[in-house]
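Engineer: Show me the folded form of this:
(2 chains)
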There are 2 protein chains.
Amino acid sequence: MSYQLLSTTFYRLAQLGHANAMLSWDQQVMMPPKANKARGRAMAELSVLSAEILQAPNLADVFAAAADSQHLLADWQRANLREMRLEWQRACAIPKDLVAAEAMATNECEHAWRQMRRDNNWHDFEPLLQNVFDLAKEKAQALRVALQDERGYSNDYDALLDIFDPGTRMRRIDPVFAELKAELPDLLQQITDRQNSQPALIRQTQPVAKAKQIELARELMTVLGFDFAAGRLDEAGHPFSGGVSEDSRLTTRYDENNVIEGLMGIIHETGHARYEAGLPEAWRHQPVGGSMGMGVHESQSLFFEMQLGRSKAFIDAIASKAQQHLGPDPAFGADNMHRLYTHVEPGLIRVNADEVTYPLHVILRYELERDLILGTARVKDIPARWNQAMQGYLGLKTEGNYRDGPMQDIHWSDGAIGYFPSYTLGAMNAAQLHAALLNDIPQAPSLIAALDLEPIFAWLSNKVWQKGRSLGPDELMIQATGEALNSAHFLAHIRGRYL
Amino acid sequence: MSYQLLSTTFYRLAQLGHANAMLSWDQQVMMPPKANKARGRAMAELSVLSAEILQAPNLADVFAAAADSQHLLADWQRANLREMRLEWQRACAIPKDLVAAEAMATNECEHAWRQMRRDNNWHDFEPLLQNVFDLAKEKAQALRVALQDERGYSNDYDALLDIFDPGTRMRRIDPVFAELKAELPDLLQQITDRQNSQPALIRQTQPVAKAKQIELARELMTVLGFDFAAGRLDEAGHPFSGGVSEDSRLTTRYDENNVIEGLMGIIHETGHARYEAGLPEAWRHQPVGGSMGMGVHESQSLFFEMQLGRSKAFIDAIASKAQQHLGPDPAFGADNMHRLYTHVEPGLIRVNADEVTYPLHVILRYELERDLILGTARVKDIPARWNQAMQGYLGLKTEGNYRDGPMQDIHWSDGAIGYFPSYTLGAMNAAQLHAALLNDIPQAPSLIAALDLEPIFAWLSNKVWQKGRSLGPDELMIQATGEALNSAHFLAHIRGRYL
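Structural biologist: As a prediction, this is how the structure comes out:
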C-alpha cells in the first residue's frame, strides 16, 4: 500500500507538471507581454507546491515501507520506486534557502545577460556569474553528500551531470570526449579542404512566404509520423518541443530568406516530440514512464535531424516536395540542398555549428564548467580559457569578443551547469543507434528513399521510446546496440558522410 | 497572524485558479482533440488539490482565531475574511461523495445531451436530468443546513442562487421578475406592431472575409479600452471571455454571412474582460479582489452590449469604421445597422433572443428550476410546463420540439441550476447603472457619439470594477445608483429604445 500511496503522489506531481508544461508553452507562444509577472507568480506557486508535496515529512516512512515490500512489486514498479526515490532524495537534499538563493541568482544573472551580452559587457556580468557558480557548487556538494553512495558520484560535478542526464558521470564522458578531441580537429581539416575544392554552394535567391513554409513543414512532420490530432506547430522566438505526451507542442520561427535552416529545426524538434509521444502508455504519469535524461532525448532529435534528415536518401526523397511548396529556386535542388545541409565551417557560435564542429564547442564548455565546479578554474579565467580553446579546437580567436565567446549561451546564467555534455552524448548515441538500426534492418536506406519510415520508428520505439526511464543510459545503449556508448560510430558517421 | 495564513492559502488557490483558467482556455481554443482525456485528468487533479487545500482540518482553528482578532484588520481585509470564510464553509458543507456523484452525473448528462438534443430524444434524457436535479437538491439541502443562519436562506433554492450570484435570494428576484412579467408581454406586442409597420430590414448581401472581420473587431475592442498587450482575441466554438485579470482571453466565431451577430458578441465579451481586468490590483489574488457574482458580471457585458453597443449614438459613431473594413454593403449603413441590432422578434431559442424577449426566456427557466428544487414540479413535467409558458409569454408552441424547447440549453445538464436568473438581473443592473451614469455624467451621449469613452469607463471602474467583492449586490447597486435593484430602469430603457 505504501507503493500505491507513492504512486498517487507522483501522479499528482505529473498533473502539476502537465499544467506547468502548458503554462510554459503558452508563455512563449501565446501570452501577451503584460501578463508575464502574473504568469511568473502562478508558475512559481506550482513549483513551490510540487516541492512541498515531495518534501512532506511522512514520505520518509512511506519510502522505507515501500522498500521493505518491494519484492511484491513488478519489475517496472521496482524501477518506478527507484526513480521516485531519486526525485524525492534530490528534493530533500537541497536546503530551502539554497533553492531560493539559486532561483534569485539565476534570475538576476539571466536578466542581466540579455542586455550585457548585447553590450559585450563581461566586466559587470562576471560577478553575477560568479554568484551562480558559487551556488551551483554549494548545491553540487549538498547533492553529493546526500547521494554519492547510492549514485556512485566521484566528485561534485557528477552530482550536477546526474540532474540533466541521470546516470552520466565524468568517468563515462572523459574517455569518449578524449577520442573526439583526438580525431576531430584533423578530420575537420580534411573535410574543409575537400569542401573548399568543390563548386560554390547555391544559396536561396528568392524569399518564400511563411504560409508556404508552413505547408511544407506540416507535410514533412506528417512524413515523420507527427500526429496533428495530438499536437500543434506554432511560432515562437526560439524553436522548442514542449507540451505533454498526449499533446506535443512544437514551435519554430520562419525566415523568408533562409528556409533551409528552419526546416531542419522542425525535423529536430519532431524527433523530441515523437520520443515524448511514444513513451509507454501503461506507465504514464509515473517517473518510470518519463523520458530519460537529455543525452537520450537529444539522441532522438539528432537521429531525426542528423542521421535521417541530413542523409542524402532523405533529402533526395523530399526535394520534390520542397520545390512544390517553396518554388523552383535552384537552392532547393536535391544535390545542392544536401550540400547546404552538410556544409562544414568553423564558427564562433555553437547553435549555428555543423555536426563536425559542434562537439568541439561542447567539449570546450564541458572542460570549463567541470574545472569551475571542481575548483581548478575560476570564473575570471573563463575569457582567457575560452579564447585558448577556440584557437586550439577551431583556429578562431575570441579575445575581447565576449558576446560571441563565453557570453553566447544562456545555460550558465540560468544555472544549467552540467547540461552541455548532453548535446554531444546525444549525437554519439544517435550515430550508434543508427549503426545498430542498419544492422537490424539492412534495407533501412531504401525505406528512407521511399519515405516508408514506419519500420524505422517502430525500431526506435522498441529500443528507446518504450523503455521510458526503466533503464540507465548505459543499459539502454547496451540493450539497443550491443555495446556501451563510444565514439566509434559517430566518427565513422562523420567520415562516411563528409570524406 | 491567522489572517496572514489564510491570505497565503487563498493566494495559492488563486494561482491554481490561474492555471485552471489557462488550461481551460487552451482546451477550448488551442488543444488538439486527442489530448482531451489527459487534459481532463490534469484539470480534475487541480480541482481536487484546491478542494483539499480548502478542506484542510486545521483551517477551522485558523478561521476561529482570525475571527477573534478581526478588529485588528482593515475594512477590506475584514471583507476578505468574510469571503474566504464563505468559500471555505461551502467547500466543507458538501460531502465528498456528493461532489463525486454530482461530477459523474453532470458529466454523463452533458455528454448524452450533445447527441440526444440532436436526436430530439427527451425520453432517454429525462432520467439523466432527473439524476442531476436529485443531486442538486441534495447539495442545496447540505448548503442550506450549513449556511442558512449566516447567509439568510429561506429555502433550498436560495442556497443554489447564492453559488452563482452571492447575495441573491428568491425574495429579491420574485418581485422584480413579477414586474417584468406584468409589463413585457404587452410591451412586446406594441414593439412588434410598431416594427412590423416599418420598411423591411436590409440583411447582409455579400460574404465578408474573416480577416476583415478581425480587423474591425480589434479596432472596436481598442475603442472599448481592451489592451492587446494584456489580452488576446481568438476563435472558438462558442464566444467567451476567459483568462485572468492580467491576461484577458476573448473568443468569438466568424460567420462570413452574418457579421453583425459576431460583432456584438465581441462587444459583450469585451465588457466581461474589462471588468475582470479592472478589478482592484491591491486586492489581487484574494477573494475580496475577485469579481462579484454573475448578476454583476453580466451587468458589465450587457452594459457594453445593450446600453452602449446597441445605442444609436454608438452605432452612428462606428458605422464608418464598419463600412471601411466590411465593405459598402447597404446592410452596414448606420440606420439599418441600428435597426438590425434592435430588431425584436419572439423565437424559441434563448441565445438568439433580443433584449425584449430575453427576460421571458429567463423567467420561464427560473420558475421551472425553482419549483423543481422546491419540490412543486417534477422533471417529467418540464416539457408540458415549457410549452405552456412559451405559449403564455411568447405565443409559441414547443410541443414535441424538445430540441428547441427544454433541451436547448447546456446549463441544467451541467448542474448549473440557479444560474439563469443572473442574465436578467444583469440586464436590469445594466439599465439601472446606465440611468445613474446619465445622472452623474449628463454629457455621456455626446461622449459616446465622439467615441470618447474613457470617462464612462472611469465611472464604471469607480462604481463597480474597483469594488471587487467587497460589497454584496444590493449594497453595490445602492452605492452606485442610489436605489436597490428594481425593474423600472430596464422597462424605461425598453420603452425609450423601442417605442
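Engineer: Chain B contacts on chain A?
Structural biologist: Within chain A, the positions adjacent to chain B are A:11-12, A:15-16, A:18-19, A:22-23, A:26, A:30-35, A:37-39, A:41-42, A:45-46, A:49, A:227-232, A:244-247, A:285 by C-beta under 8 Å from any C-beta of the partner chain. For glycine as for every other residue, the C-beta is placed from the backbone atoms N, C-alpha and C.
Engineer: What subset of these is buried?
Structural biologist: By neighbour count, with 16 or more other C-beta atoms under 10 Å in any protein chain shown, these hold A:12, A:15-16, A:18-19, A:22-23, A:26, A:30-32, A:35, A:38-39, A:41-42, A:45-46, A:49, A:230-232, A:244-247, A:285 as buried.
Engineer: so what's A:Ala103 scoring on pLDDT?
Structural biologist: Turning to A:Ala103, the model gives it a pLDDT of 89.
Engineer: That one sits in which helix or strand?
Structural biologist: Assigned by DSSP states H and E, A:Ala103 belongs to helix A:96-118.
Engineer: Which of the residues in the helix or strand that that helix is followed by are classified as buried?
Structural biologist: Using DSSP H and E, the helix or strand that follows helix A:96-118 towards the C-terminus is helix A:122-151. Across helix A:122-151, burial judged by 16+ other C-beta under 10 Å covers A:122, A:125-126, A:128-133, A:135-140, A:142-144, A:146-147, A:151.
Engineer: Can you name the residue of the stretch 301-450 of chain A nearest chain B?
Structural biologist: A:Phe304 (20.4 Å; C-beta to the nearest C-beta).
Engineer: so what's that residue closest to, chain neighbours aside?
Structural biologist: In space, and not counting its chain neighbours, A:Phe304 is closest to A:Gly271: 3.0 Å by C-beta to C-beta, 6 or more residues apart in numbering or on different chains.
Engineer: That neighbour contacts A:Met306, correct?
Structural biologist: No - the criterion here is C-beta atoms under 8 Å, and A:Gly271 misses it with A:Met306 at 9.6 Å.
Engineer: Which members of the buried ones among the residues of chain A next to chain B occur in strands, if any?
Structural biologist: Residues of those located in strands (DSSP state E): A:Gly231, A:Arg232, A:Val244, A:Asp247.
Engineer: which ones are touching the third one?
Structural biologist: Yep, that's A:Val244 we're talking about. Contacts here follow C-beta atoms under 8 Å, 6 or more residues apart in numbering or on different chains; on that basis A:Val244 touches A:Gly17, A:His18, A:Ala21, A:Met22, A:Glu276, B:Ala35, B:Ala38.
Engineer: swap in the first one?
Structural biologist: If a contact means C-beta under 8 Å, 6+ apart, then A:Gly231 has A:Gly243, A:Asp247, A:Ser248, A:Arg249, A:Leu250, A:Ala273, A:Ala277, B:Pro32 as its contacts.
Engineer: again, only using 10 Å
Structural biologist: By C-beta atoms under 10 Å, 6 or more residues apart in numbering or on different chains, A:Gly231 lies in contact with A:221, A:241, A:243-244, A:246-250, A:270, A:273-274, A:276-277, B:31-32, B:34-35.
Engineer: and the closest residue to A:Val259 other than its chain neighbours, how many residues sit next to it?
Structural biologist: Distances taken as C-beta to C-beta, 6+ apart place A:Val208 nearest to A:Val259, at 5.1 Å, with adjacent residues excluded. Neighbourhood size, A:Val208 [other C-beta atoms under 10 Å in any protein chain shown]: 21.
Engineer: Am I right that A:Val208 falls within a helix?
Structural biologist: No - the assignment for A:Val208, made by DSSP: H, G, I helix; E, B strand; the rest coil, is coil rather than a helix.
Engineer: For it, give me phi and psi.
Structural biologist: Phi and psi for A:Val208, reported as degrees, to the nearest 10, are phi -120, psi 130.
Engineer: what pLDDT does it get?
Structural biologist: A:Val208 is given a pLDDT of 97.
Engineer: residues in contact with it?
Structural biologist: So A:Val208 contacts A:216, A:254-259, A:322, A:325-327, A:329, A:332 (C-beta under 10 Å, 6+ apart).
Engineer: Kindly recompute the last result at 6 Å.
Structural biologist: When contacts are counted by C-beta atoms under 6 Å, 6 or more residues apart in numbering or on different chains, A:Val208 touches A:Glu256, A:Val259, A:Leu326.
Engineer: Likewise for A:Leu360?
Structural biologist: Counted by C-beta under 6 Å, 6+ apart, A:Leu360 has contacts A:Leu184, A:Tyr393, A:Leu394.
Engineer: cool, and A:Ala38?
Structural biologist: Here A:Ala38 is in contact with B:Glu246 (C-beta under 6 Å, 6+ apart).
Engineer: Let's see that with 7 Å instead.
Structural biologist: Residues counted as contacts of A:Ala38 (C-beta atoms under 7 Å, 6 or more residues apart in numbering or on different chains) are B:His18, B:Val244, B:Glu246, B:Asp247.
Engineer: Reformat those into TSV and put pLDDT and distance to A:Met337 next to each item.
Structural biologist: Shown next, in TSV, are these (pLDDT from 0 to 100; distance: C-beta to C-beta, whole Å):
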residue	pLDDT	distance to A:Met337
B:His18	98	46
B:Val244	98	46
B:Glu246	98	45
B:Asp247	98	42
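Engineer: right, and out of those residues, which lies closest to A:Ser299?
Structural biologist: Nearest to A:Ser299 among those is B:His18, at 35.9 Å by C-beta to C-beta.
Engineer: Please report the distance of the nearest residue to the closest one once chain neighbours are set aside from B:Ala14.
Structural biologist: The spatial neighbour of B:His18 that comes closest, neighbours along the chain excluded (C-beta to C-beta, 6+ apart), is A:Ala42 at 3.9 Å. According to C-beta to C-beta, to the nearest Å, A:Ala42 stands 8 Å off from B:Ala14.
Engineer: and if you look at A:Pro442?
Structural biologist: 60 Å.
Engineer: my read: A:Glu235 touches A:Asp255, true?
Structural biologist: No - with contact defined as C-beta atoms under 7 Å, A:Glu235 does not reach A:Asp255; the gap is 11.4 Å.
Engineer: on that earlier part again, which two of the ones in strands among the buried ones among the residues of chain A next to chain B have the greatest separation?
Structural biologist: Across those (C-beta to C-beta), the longest gap, 12.2 Å, separates A:Arg232 and A:Val244.
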